[in-house]
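# coords please:
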Amino acid sequence: MHEMRDRDKLDKLTGEYIEQAKLIREHAGLCHKWAQKEEHARTTKLERERFENVTSRLRKLGWGPEVDFLQGQEYNELAEHELVRVAKKLTDRVWQKIQSEVIQLMEDIRAERLEHEYTVMLTERWSVMKSVAKGLLDRYLSEHPEMLEYGLNIADLALTKEFREVMCAPEDEVVGSARFLALEGQMNTIVESWRSRIRKEVQELFVKHGIPTPRYGDPLDLVTTVFEDVRSSERSFFPRIVSHKALRSAKPEAGGDAYEEFVYGLDDVHCYETCSMLRPLPTNDAMREVIKLCGKDPDVASVQEMDALDLRLLDKYGRIRTWRGAVMASSDDNHHAYKLVDAEGTAKVKESEMCKLEQEKLWTCPKCETPQLPETRDVVLKHLSTEHGIELPDITDADLKINRALESSLLASWASGDCPPYKNFWARF
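Residues are numbered from 1 along each chain as shown. Purely as a prediction, here's the structure:
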């Protein structure tokens, strides 16, 4: 019995020691956390005081705008600098040692601030230009529908000398709608300068890639001149190729200066940058045979001449193409043994094509005195009814006008061989 009582006392005492040790450890932990918190608070206070001392000295040296700029940033480069974020009091002697390196950092921050302010200014002015320039461009393209194939847009205008001068006017100048509207009288000159530059750049590709050019005439107008984007392998005639996404995919970092970087970085509209990744394809026998089949000389025939013929060609697989489509398909040196579709077949092909063309923005109203941008056929039909009082049953082909250049470019990428009436068309020849 005596031994049992002693064992109980020992167990109780042991338990008390264990509990006491636990409390001591917990207290020690709390003391450690408190000490860490106090040390952190002391360090933070010293770092803050040092940072405030540095910024005060910088403001006296004329760096106030940069200090204010940093306060609005999520990451403050100055506050995190290894010479600034130190838990020690900043003395005059220490400042003399670190001043030059801190000033060097402030030079970089000044460049960031100026770039930021410049971007903010451009963004505000772009909002104004965007609304005004769209109207200017729409009116111009309505009067010059031949330019629609180039894909000319307001980002292209922004890079022209005239629009750039307005966008980049000194910050203290007010740039409102009137400044951009004043350029309307210069639109012919502005666009012609842009078009001439593009044509010159593309013409130089023939020399760059060693492609022979005709002695007379512009190679860009010839029927056998097909271009390929080496990145996407897209092929097309000029000027349609200029509108392709592959030539309008500039990244901001490709800009030669801050303004170009801004324009290249626009999300909603993409400018033409360069034709450096474009190459003219050498004319081969297959391409020449297509033109000869249509009754023209491949050495001198122009795109406009061939479009005017409005012919359709058929290959042995039952695919029907326009001359443009046939030439592009033959540009890889494959012989497709085309034959001309007769007048009856061509008429049926055009009926099939019209089902697609009606849904494209190719159509305008020739009755309006003020030129309009192309719309879908249904939109123009409704316009003829509401604006000119011509009921649908009375509307004829003469009441609508189609943009032939845009039509030809679209048809070039279409093959009508899947249409039931033409699957066995080859047997007729």
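# what about the strands in the stretch 251-400 of the chain?
For the stretch 251-400 of the chain, the strands defined by DSSP state E, counting those that start in this stretch cover 278-280, 313-314, 320-321, 339-340, 363-364.
# Pick the most deeply packed of those.
strand 320-321 (a mean of 27; mean count of other CB atoms under 10 Å). Every C-beta, even on glycine, is put in place using the N, C-alpha and C of the backbone.
# about what we covered before: which of the strands of the stretch 251-400 of the chain sits closest to Ser331?
strand 278-280 (10.2 Å; CB to CB).
# Ala337 against Asp315, yeah?
Yes. Using CB atoms under 8 Å, Ala337 makes contact with Asp315 at a distance of 6.3 Å.
# Which one's more surrounded, those two?
Asp315 (21 against 12; other CB atoms under 10 Å).
# Kindly provide the distance from the more buried one to Lys348.
17 Å (CB to CB, to the nearest Å).
# sorry, back to before: quick one: which of the strands of the stretch 251-400 of the chain is nearest Asn188?
Here strand 363-364 is closest among the strands of the stretch 251-400 of the chain (CB to CB), at 20.2 Å.
# For that closest one, what is the distance to the chain centroid?
Distance, stretch centre to chain centre, for strand 363-364: 27 Å (CA atoms, centre = their mean, to the nearest Å).
# start the count at 717, not 1, going forward
That works, and once the first residue is 717, the last one we named lands at strand 1079-1080.
# Show the contacting residues for the residue most central in space within the chain.
The centre of the chain sits closest to His986, judged by CA atoms, centre = their mean, with a distance of 3.1 Å. Neighbouring residues of His986 by CB atoms under 8 Å, 6 or more residues apart in numbering: Asn869, Ala871, Lys961, Arg964, Ser965, Ala966.
# now do Ile1118
Counted by CB under 8 Å, 6+ apart, Ile1118 has contacts Leu1073, Leu1078, Trp1079, Thr1080.
# go on, Ile819?
Contacts of Ile819 (CB under 8 Å, 6+ apart): Leu777.
# quick one: secondary structure of it?
Here Ile819 is recorded as helix under DSSP: H, G, I helix; E, B strand; the rest coil.
# Could you tell me how far it is located from Arg829?
Computed as CB to CB, the Ile819 to Arg829 distance reads 15 Å.
# now do Glu768
With CB to CB as the criterion, Glu768 and Arg829 are 20 Å apart.
# of the two, who's got more company?
More neighbours surround Arg829 than the other of Glu768 and Arg829, with 18 against 11 (other CB under 10 Å).
# can you pull the contacts of the closest residue to that one other than its chain neighbours?
What sits nearest to Arg829 in space, not counting adjacent residues and going by CB to CB, 6 or more residues apart in numbering, is Phe785, at 4.3 Å. With contacts defined as CB under 8 Å, 6+ apart, the neighbours of Phe785 are Ile825, Glu828, Arg829, His832.
# For the second one, the count of nearby residues, please.
By other CB under 10 Å, the residues close to Glu828 number 14.
# Next, it: phi, psi?
Here is the backbone geometry of Glu828 (degrees, to the nearest 10): phi -60, psi -40.
# mind checking pLDDT for it?
Looking at Glu828, its pLDDT is 92.
# What of Thr730?
pLDDT, Thr730: 77.
# Secondary structure element holding it?
Element membership of Thr730, judged by DSSP states H and E, is helix 718-776.
# Output the helix or strand just after that helix as CSV - backbone C-alpha positions only.
Counting by DSSP H and E, the next helix or strand C-terminal to helix 718-776 is helix 780-787. The C-alpha coordinates for helix 780-787 follow below in CSV (Å, rounded to 0.1, in the frame of the first residue of the first chain):
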residue,chain,number,x,y,z
GLY,A,780,9.7,64.9,-56.8
PRO,A,781,7.7,63.8,-59.9
GLU,A,782,9.6,60.4,-59.9
VAL,A,783,9.0,59.9,-56.2
ASP,A,784,5.2,60.6,-56.7
PHE,A,785,5.2,58.3,-59.7
LEU,A,786,6.6,55.4,-57.6
GLN,A,787,3.9,55.9,-55.0
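# What residues sit buried inside helix 780-787?
Residues of helix 780-787 classed as buried: Glu782, Val783, Phe785, Leu786 (neighbour count, 16 or more other CB atoms under 10 Å).
# Tell me the one among the residues you listed nearest to Cys1084.
Phe785 (53.3 Å).
# what's the distance between the closest one and Val836?
Look at Phe785 and Val836: by CB to CB, they are 12 Å apart.
# Any regions of the stretch 967-1116 of the chain where pLDDT drops low?
1050-1051 (pLDDT under 70).
# hey, where'd the helices end up in it?
Ranges of helices within the stretch 967-1116 of the chain are 974-980, 1001-1009, 1019-1025, 1039-1046, 1059-1073, 1093-1104, based on DSSP state H, counting those that start in this stretch.
# highest average neighbour count across these?
Highest mean neighbour count of the helices of the stretch 967-1116 of the chain: helix 1039-1046, a mean of 25 (counted as mean count of other CB under 10 Å).
# Give me the number of neighbouring residues for Cys747.
There are 10 residues near Cys747, going by other CB under 10 Å.
# quick one: contacts for it?
Cys747 neighbours (CB under 8 Å, 6+ apart): none.
# Look up the pLDDT of it for me, please.
At Cys747, pLDDT is 71.
# for the one 4 residues further on, same thing?
What the model reports as pLDDT for Ala751 is 69.
# returning to that earlier point: what angle sits between the helix holding Thr730 and helix 780-787?
150 degrees (axes from the mean of the first three to the mean of the last three CA atoms, to 10 degrees).
# Save the helices of the stretch 967-1116 of the chain as TSV, and put in distance to Glu950 too.
Shown next, in TSV, are the helices of the stretch 967-1116 of the chain (distance: least, CB to CB, whole Å):
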stretch	distance to Glu950
helix 974-980	20
helix 1001-1009	17
helix 1019-1025	18
helix 1039-1046	10
helix 1059-1073	20
helix 1093-1104	27
